[in-house]
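**Q** Got a predicted structure here, sequence first:
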Amino acid sequence: MKHSVPLLVATAASLAAASPATRQTTGLNAIAQAAGLTYFGSATDNHEITDADYLAILSDSSEFGQITPGNSMKWDATEPTQGTFTFDNADAIVELAQANGQLLRGHTCVWYSQLPSWVSSGTWDADSLNEAMTTHCSTVVGHYAGQICAYSWDVVNEAFNEDGTFRENVFYTTIGEDYIANAFTAARAADPDAKLYINDYNVEGTGAKADGLYTLVSSLLSAGVPVDGIGMQAHLIVGSVPTTIQENIERFAALGLEVALTELDIRMPVSDSDVGSDADVAQQQADYETVVGACVAVDGCVGVTIWDYTDRYSWVPSVFSGYGAALPWDDDLQKKQAYDGIVSGLSA
Ligand code: G3I
């Protein structure tokens, strides 16, 4: 057993005895917890939770034991002007998580994107930007500290280039590499209990970017910086799942860190009807099984979050033209073969 976690819905015994069909109706979070994960979750957003049919499935804690606000905790949403904080939209999602008994992943304190212009285009020196950044991070994290559902935070998001060098965002170019440690220190001071993660994409398999992240977190840990976890976003493409994902998760876990798949979706080429070929649909089922199974196989991997659960609200088609159908529920909120792949990966 990977972790002793409070099963929200079903006991391990009832799951073990369940037939595959029965097991599939138990829900992804219940199956994940029986497999030793802390949660299986989904991202969501404020305009989506006004959709009653969507909300009913999202609120089923046997399917989702964790939710992530996709946008409402970002800097542009929470501190649109310096010193003026707005939490109404984020609070609505946190209140939903609490009402549902779901854990919350906070997303995200420091990221180069979705910054208000007073940050991205401000006139800064290292001290003034560091002050603004640490004030932002501690205020946002502190706003939710102590709330029962506040499980973890993506303190710093997407700090690396594909070659493993540091992304030259406004924080790096103004403050230097220490912006990362400073953000984590501020977050810890604001919330002594939440798990503090660094999050990125294309770090799921071994390679230059994951190696850069590994080198950074190793040095942060050596310096006593309070890093608790690695978020691997896992925005993947059908047929291109990294073959080294399990060994990569294992090496970060061997540092004593948690690992989580934080934004999983697996996109494919789609026709005008927004569905992929039969071959891609079958491959996607296998890919979801492989990726989720890699997390289940490693003791330090604590959870899987899909980046929304239905193609109805996926970010993919608006960014990757000609691609979509990336999630385990379709536009009509019906489960797809991808759902069965996740069940298989959780049941491995
Ligand atoms: O809030 C405005 C609204 O006022 C306006 O009317 C509307 C139309 O222009 O845009 C709205 O802002 C949009 C925002 O989502 C909130 O819905 C932005 O245009 C849109 O670009 C933004 O997209 C988000 C994207 O991050 C921005 O990079 C996606 O929803 C969100 O799912 C996505 O999530 C990121 C993670 O945070 C980090 N990892 C990658 C992942 C995918 O890009």
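**A** Sure thing, it's come through.
**Q** Just the buried residues of stretch 220-227, please?
**A** L220, V225, P226, V227 (16 or more other CB atoms under 10 Å). C-beta here means a position set from N, CA and C on the backbone, and glycine is covered the same way.
**Q** Ignore what I typed, I meant stretch 315-327.
**A** Buried residues in stretch 315-327, counted by 16+ other CB under 10 Å: W315, V316, P317, F320, Y323, G324, A325, A326, L327.
**Q** which SS class is the last one?
**A** It stands for L327. Look at L327: counting by DSSP: H, G, I helix; E, B strand; the rest coil, its state is coil.
**Q** restrict the buried residues of stretch 315-327 to those near the ligand?
**A** On the criterion CB under 6 Å from any ligand atom, W315 are the entries of those that sit beside the ligand.
**Q** CSV please, covering the buried residues of stretch 315-327 and showing pLDDT and distance to D211.
**A** Formatted as CSV, those follow (pLDDT from 0 to 100; distance: CB to CB, whole Å):
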residue, pLDDT, distance to D211
W315, 98, 27
V316, 97, 27
P317, 96, 32
F320, 97, 26
Y323, 97, 28
G324, 97, 31
A325, 98, 32
A326, 98, 27
L327, 98, 30
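**Q** In the stretch 201-348 of the chain, what residue lies closest to the ligand?
**A** Nearest to the ligand, among the residues of the stretch 201-348 of the chain, is W315, at 4.0 Å (CB to the nearest ligand atom).
**Q** Neighbours of the closest residue to that residue other than its chain neighbours, how many?
**A** Spatially, and ignoring its direct neighbours in sequence, W315 is nearest to W307 (6.8 Å; CB to CB, 6 or more residues apart in numbering). Look at W307: counted by other CB atoms under 10 Å, it has 23 neighbours.
**Q** Quick check: nearest residue in space to G176, chain neighbours excluded?
**A** Once flanking residues are discounted, G176 sits nearest to A126: 7.0 Å by CB to CB, 6+ apart.
**Q** Surely the one you found and T173 touch.
**A** No. If you go by CB atoms under 8 Å, A126 and T173 don't touch, sitting 10.0 Å apart.
**Q** so who does D265 touch?
**A** By CB atoms under 8 Å, 6 or more residues apart in numbering, the residues touching D265 are A234, H235, L236, I306, W307, D308, S314, V316, A326, L327.
**Q** In CSV: the residues you listed, plus secondary structure.
**A** Listed next are the contacts of D265 as CSV, based on three-state DSSP:
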residue, secondary structure
A234, coil
H235, strand
L236, strand
I306, strand
W307, coil
D308, coil
S314, coil
V316, helix
A326, coil
L327, coil
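**Q** From the buried residues of stretch 220-227, list the ones also adjacent to the ligand.
**A** Within the buried residues of stretch 220-227, nothing lies near the ligand by CB under 6 Å from any ligand atom.
**Q** Looking at the residues you listed, which is nearest G146?
**A** G146 lies nearest to P226 out of the buried residues of stretch 220-227, by CB to CB, at 17.0 Å.
**Q** Spatially nearest residue to the closest one, not counting backbone neighbours?
**A** Closest to P226 by CB to CB, 6+ apart is R188, at 4.0 Å.
**Q** just checking, what packs against whatever helix or strand the one you found lives in?
**A** Taking DSSP states H and E as the definition, R188 sits inside helix 178-190. Where contact means 3 or more CB pairs under 8 Å, 6 or more residues apart in numbering; DSSP states H and E, helix 178-190 is packed against strand 103-110, helix 126-144, strand 150-157, helix 170-175, strand 195-200, helix 208-222.
**Q** now with 7 Å?
**A** Using 3 or more CB pairs under 7 Å, 6 or more residues apart in numbering; DSSP states H and E as the contact test, the elements touching helix 178-190 are strand 103-110, helix 126-144, strand 150-157, strand 195-200.
**Q** for the ligand, what are the nearby residues on the stretch 201-348 of the chain?
**A** So the stretch 201-348 of the chain meets the ligand at Q233, E263, W315 (CB under 6 Å from any ligand atom).
**Q** The first one touches T262, doesn't it?
**A** If I follow you right, that is Q233. Yes. Counting by CB atoms under 7 Å, Q233 does reach T262; the two are 5.5 Å apart.
**Q** now for the buried residues of stretch 220-227, which pair is the farthest apart?
**A** L220 and P226 (8.7 Å).
**Q** got any residues that touch both of the two?
**A** Residues touching both L220 and P226 (CB atoms under 7 Å, 6 or more residues apart in numbering): there are none.
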